[in-house]
Each structure stands twice: as C-alpha cells, then as structure tokens.
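K.L.:
here is the input, now give the coordinates:
(4 chains)
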Protein chains: 2
Amino acid sequence: MSAAVPSSTLASPERVAALHEVEVEVGVLIRRVRRVIGERARAVHPSLLPASYLILSHVRERGPLRASALSLVFEIDKGAISRQVQHLIDLGLLAREPDPEDGRATLLSVTPAAARRLDEVSRERSALLAERLGDWPADDISMLAGSLRRYNRALEDDGDRDPRC
Amino acid sequence: MSAAVPSSTLASPERVAALHEVEVEVGVLIRRVRRVIGERARAVHPSLLPASYLILSHVRERGPLRASALSLVFEIDKGAISRQVQHLIDLGLLAREPDPEDGRATLLSVTPAAARRLDEVSRERSALLAERLGDWPADDISMLAGSLRRYNRALEDDGDRDPRC
DNA sequence: GCATATCGTTGCTGACGGCAACCAAATCCG
DNA sequence: CGGATTTGGTTGCCGTCAGCAACGATATGC
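P.N.:
Numbers count the residues shown, from 1 in each chain, chains lettered A, B, ... in the order given. Have a look, this model is predicted:
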C-alpha cells in the first residue's frame, strides 16, 4: 500500500512537526466551531441546540428525508438523531410526514418559518465570515476545503474504509 | 472593520461556495477526529480518555507548564482542565511539581512511562498517517496548519477578540 | 494591610452520543 | 400463508465533556 516514497521522507521531523501543528489547530477548531454553531443556532431560534442546528440545516438542503438517512450522514447513533429531531419538531422547525413508500418511516422537512430563519442567519453569517477572512481569495478557501477533505480521507477508519477514494 | 476590498468580491458566489465546502469538511472532521483520538488515547493507556490525550501530548511537547496555560491553549474552562489533569495524574501519566516562581501554581510534566508510550503510539500513528498522506509534502501539511489557524482566528468571538492578529 | 487578581479545585448542570431493549412495519423464505 | 429476520424509530441509561459559579490559597498593587 505504501507509495514509491522512501520511508525516511515520510517520517521526517518536518512532517511530524507539521502534523502535530495540524492536530493542535484541529483541536481548537473543534471547540471553536462548537461555540460558533451554538451562536448560529441561537440566532435561528433561542432554544435551538448546536447539534440540532446542523441537522436542521442539512434537512433544509437535502429536502425531505428519513431520520435513518441523517444517522448515516452524520455518523451519529440513531437514538441521538431521534432526540434531536424530536427537539426540532417541538420547536416547530421540522415537520414529520409518513413516508408513502414505507409505513415504518417518516419523512422530515423544514417548516416555512425555519426556512426563513435559516436563510436570514446564513446570509448574515456568510457576510460576517467573508469580511473576517478579509483578503483571503476564494481559491485559497477552496484549497483549504480540499486539504481538509484529503486529511479527512487519511483519517478514515483503517480497516473498513470504502475504496471510493 | 472592513478591508479595502469591494464587498462585491467578499460575497462572491465562489467564496460562499468555498466557505460552505469548508464547513462541510469541518463537520466530517469533527466527528472523525473524535473517533481517531479515542483510538490513540486507548493505545497509550486503556483508560485514557480522548480529551485527556490531547492535553497529555501537548504537555509532552511544550515541556513543564501550568494548568492555566493549557486552559488558554485549548480554550477550555479551567475547571475542565483541572479534571483532565487529575485524571492523567491518577493514571500515572502526568506529574505535578510546585512552581518555584509562583506558590499558587503547579507545573505539569509527563512521566517517563507516558513519554515512552506516547513515542511508541506516535511513531505508529505518524507512520500510518504519513503513509496515508502519501505524497503530501511537509510544506503542504504546514500550509494546512496555517490555513486552519487563520480560519480559526476568523471564527473568533465577534466582540472580544484580541487584536493579536 | 487591605483590596484585588490569579491559580487551581470542586459541585452542579446541561449537551451530547453510544449502547441496548423495545415496538411496529416490512421483507424474506420455507 | 406464517414464522423468522431485517429495518425504522423511540426510549432509558450511562459515560464523556465543558460552562458556570463558588471557594480557598497565594500573589500583587495601592
């Protein structure tokens, strides 16, 4: 599986140091994103929880879908999803309708009110972030996205990862 | 606050799209990292918790330091740090010594055993990751770290962020 | 020497996900 | 057809984790 690169290069001190830097930043990122998502969530609805916000926004984008689909996408236990969804329904942000194709399933979609709030917030947020990133060209941003994607793939589970790379 | 860049460029569709990509990847990253860190933590010590692993490895690299420094670096409540540290000491991975310069503070450092285990695991891990990242040059990796750092700064709290940028 | 800030600990709470047991509907198969 | 198995979802329980607040102890400033 190893590439045609001498292992001495692979484990060079520079690489190790750089990888450690990435780890630290990822750690900070995780905690910071949690906070930011929390703010966004509250902007959509005062008692909207951070994790629920992500689910809500995904339902908004990927149309009506089942809870089990959410569980797959977010790699989160279906029990947890079930609770998040219930929470969102209680807040009037999600709506359930029976799946015509499967009596066990229900389809989830955002309510008009939720869609409106999401749009507003998303507009404000990207304006803010865009300004904050100031002179960062779009190319650099998508390079970051690309690097993250690659890094993510490298982190994939060792054993059972799809060869969809 | 806005830079000398026309706002039309700031909110260009490319930027918005790129930023959204970054968000998606960050979401995946968060969940995936949680798993990976958990594995690594267990490799160092069976009952080492994921969050503690990051702290341990930072102490390993940045020599003896105070709990408050950890709180700053990781942007985590000092109470939480205190508990993580206690956990690590219980496991015999961290050691406390009074700070000669400040009677209130204590300096933390890794025990020889922890250093040994960390080295082993880190060697295995970076071998794996290095292989997985294949032909990614060290420069690109540190560029990723740099981009992340910058992105992190952009996410900083709106109101009270240091102008240390 | 008293007020105040800093270092660290602890208790409480809430958010969150993994796990397992469970119900109901669907599907498989003899 | 009818029982076994699978799949969608809910719920209870528990472990991990961080924020907040209150506290004791030490250091520092006026």
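K.L.:
up against DNA strand D, what does chain A have?
P.N.:
Residues of chain A found near DNA strand D (C-beta under 7 Å from any atom of the strand) are A:31, A:35, A:66-69, A:78-79, A:81-83, A:85-86, A:99, A:102, A:104-106. From N, CA and C alone the C-beta is placed, and that goes for glycine too.
K.L.:
rerun that using 10 Å as the cut-off
P.N.:
Proximity of chain A to DNA strand D, by C-beta under 10 Å from any atom of the strand, involves residues A:27, A:30-32, A:34-35, A:38, A:65-72, A:77-86, A:89, A:96, A:98-99, A:102-108.
K.L.:
show me which of these neighbour chain B.
P.N.:
Contacts with chain B within the residues of chain A next to DNA strand D, as defined by C-beta under 8 Å from any C-beta of the partner chain: A:Gly27, A:Ile30, A:Arg31, A:Arg32, A:Arg35.
K.L.:
what subset of those residues is buried?
P.N.:
A:Gly27, A:Ile30, A:Arg32 (16 or more other C-beta atoms under 10 Å in any protein chain shown).
K.L.:
show me where pLDDT drops low in chain A?
P.N.:
Applying pLDDT under 70 to chain A flags the ranges A:1-11, A:130, A:156-165.
K.L.:
now do 80
P.N.:
A:1-36, A:63, A:122, A:124-135, A:152-165 (pLDDT under 80).
K.L.:
which residues in it form helices?
P.N.:
A:7-10, A:13-44, A:50-61, A:67-74, A:78-90, A:112-132, A:138-155 (DSSP state H).
K.L.:
give me whichever of the ones you listed is most buried.
P.N.:
Ranked by mean neighbour count, those are led by helix A:50-61 with a mean of 20 (mean count of other C-beta atoms under 10 Å in any protein chain shown).
K.L.:
now the closest residue to A:His87 other than its chain neighbours: how far from B:Trp136?
P.N.:
With sequence-adjacent residues excluded and distances taken as C-beta to C-beta, 6 or more residues apart in numbering or on different chains, A:His87 is closest to A:Ser52, at 5.4 Å. Per C-beta to C-beta, to the nearest Å, A:Ser52 is found 36 Å from B:Trp136.
K.L.:
closest one of the ones next to chain B among the residues of chain A next to DNA strand D to A:Leu19?
P.N.:
Of all those, the one with the least separation from A:Leu19 (C-beta to C-beta) is A:Gly27, at 12.9 Å.
K.L.:
now do the nearest residue to that closest one once chain neighbours are set aside against B:Ile76, distance only.
P.N.:
In this structure, A:Gly27 finds its nearest non-sequential neighbour in B:Leu54, 5.4 Å apart by C-beta to C-beta, 6+ apart. B:Leu54 sits 10 Å away from B:Ile76, going by C-beta to C-beta.
K.L.:
do the same with A:Ser82
P.N.:
Per C-beta to C-beta, A:Ser82 is found 29 Å from B:Ile76.
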